[in-house]
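Participant: can't give you the sequence, but here's the structure:
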């Protein structure tokens, strides 16, 4: 199977996420678009891990460091950081709602001159 | 069917990939265009499930299960709580998107980014083959035990740093969201 397909699908998801971040005005929906972007990166990491396993020197043997697990391990780290990001982001959106009675991020313009 | 499979051993993988990819792209487009906030969260579930299916297709089952547990089990529920706590309109809403000019700019940015990335990736990885995934013994080596050896061996320090990061994010979220 070609690795290109996974990479191009991930690029497509990434760009849909970028469109969402730029075009949405609701704070929760912007966070959802950021999740799309992070997931696209995860697909890339796992696909490269699977590709690395097919390369000479990438195979796993007992007691030896294994290049093929780097992709999944990095994807797990990205998942953990995404969970932290959503927690803090939603807390910020809640604080926004409490102060402005709205989660429209266009109205957060107090730093505009 | 068996003759077809003998001639093109990748056929099933390509068919599975095509179905998953189509579902994911349609669902992702609905996430960024739908006018209903709750529907956006539910379409996001489809995208995240598709990512988990792709992980299984890539013979990385531990990552797939973590994806389902953490994303669909925890993060989507967090999103739904956020939607309810901010009293989002449960029907169609009109003020979710920016105005038309900004949306056109967003489409232009996303399409040009897509063009550059697809051109670069296709050019660089044109000749790279994964083989028949899951039949290669080296790929089967990336099992759960190998991943746990990696996390608790080579990547122990980053793992502990991520634990501290999660704790700090949790405390920060409580401090931000607390009424006082």
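Facilitator: It's in. What you are looking at is a predicted structure, and each value in this text was computed from that prediction instead of being measured. Numbering: from 1, shown residues only, chains lettered A, B, ... in the order given.
Participant: pLDDT value on residue A:6, please?
Facilitator: According to the prediction, residue A:6 has pLDDT 92.
Participant: check which helix or strand covers the residue sitting nearest the centre point of chain A.
Facilitator: For chain A, residue A:38 is the residue whose C-alpha lies nearest the centre (CA atoms, centre = their mean; 0.7 Å). Element membership for residue A:38 (DSSP states H and E) is helix A:27-53.
Participant: Quick one: residues contacting residue B:75.
Facilitator: Residue B:75 makes contact with A:35, A:82-83, A:86, according to CB atoms under 8 Å, 6 or more residues apart in numbering or on different chains. Any C-beta I mention is one placed from the backbone N, CA and C, and that applies to glycine too.
Participant: what about it, which SS state?
Facilitator: Judged by DSSP: H, G, I helix; E, B strand; the rest coil, the three-state class of residue B:75 is helix.
Participant: For residue A:38, see how far away it is.
Facilitator: Using CB to CB, to the nearest Å, residue B:75 is found at 10 Å from residue A:38.
Participant: Please identify every residue contacting each of those two.
Facilitator: residue A:82.
Participant: So chain B: which segments form each domain?
Facilitator: Using automatic domain parsing, the domains assigned to chain B come out as B:2-97, B:143-180.
Participant: out of these, deepest packed?
Facilitator: domain B:2-97 (a mean of 17; mean count of other CB atoms under 10 Å in any protein chain shown).
Participant: Report the distance from that one to the chain centre.
Facilitator: With CA atoms, centre = their mean, to the nearest Å as the basis, domain B:2-97 stands 7 Å off its chain's centre.
Participant: can you check stretch B:106-115 too?
Facilitator: On CA atoms, centre = their mean, the centre of stretch B:106-115 falls 20 Å from that of its chain.
Participant: Quick check: buried residues in that stretch?
Facilitator: By neighbour count with 16 or more other CB atoms under 10 Å in any protein chain shown, stretch B:106-115 contains the buried residues B:106, B:109-110, B:114.
Participant: Can you see whether that stretch contacts chain A, counting any residue in it?
Facilitator: Yes: applying CB under 8 Å from any CB of the partner chain, one finds stretch B:106-115 in contact with chain A at B:106-107, B:109-111, B:113-114.
Participant: Specify which member of those residues is nearest to residue B:172.
Facilitator: Nearest to residue B:172, judged by CB to CB, of the residues of stretch B:106-115 next to chain A is residue B:106 at 29.8 Å.
Participant: quick one: that closest one from residue B:169, how far?
Facilitator: Using CB to CB, residue B:106 is found at 29 Å from residue B:169.
Participant: ok, back up a step: list just the nearest of the residues of stretch B:106-115 next to chain A to residue A:6.
Facilitator: Distance to residue A:6, by CB to CB, is smallest for residue B:114 among the residues of stretch B:106-115 next to chain A, at 15.4 Å.
Participant: Wait, the closest one touches residue A:15, no?
Facilitator: Yes: Residue B:114 lies in contact with residue A:15 (CB atoms under 8 Å); the separation is 4.1 Å.
Participant: Thank you, goodbye.
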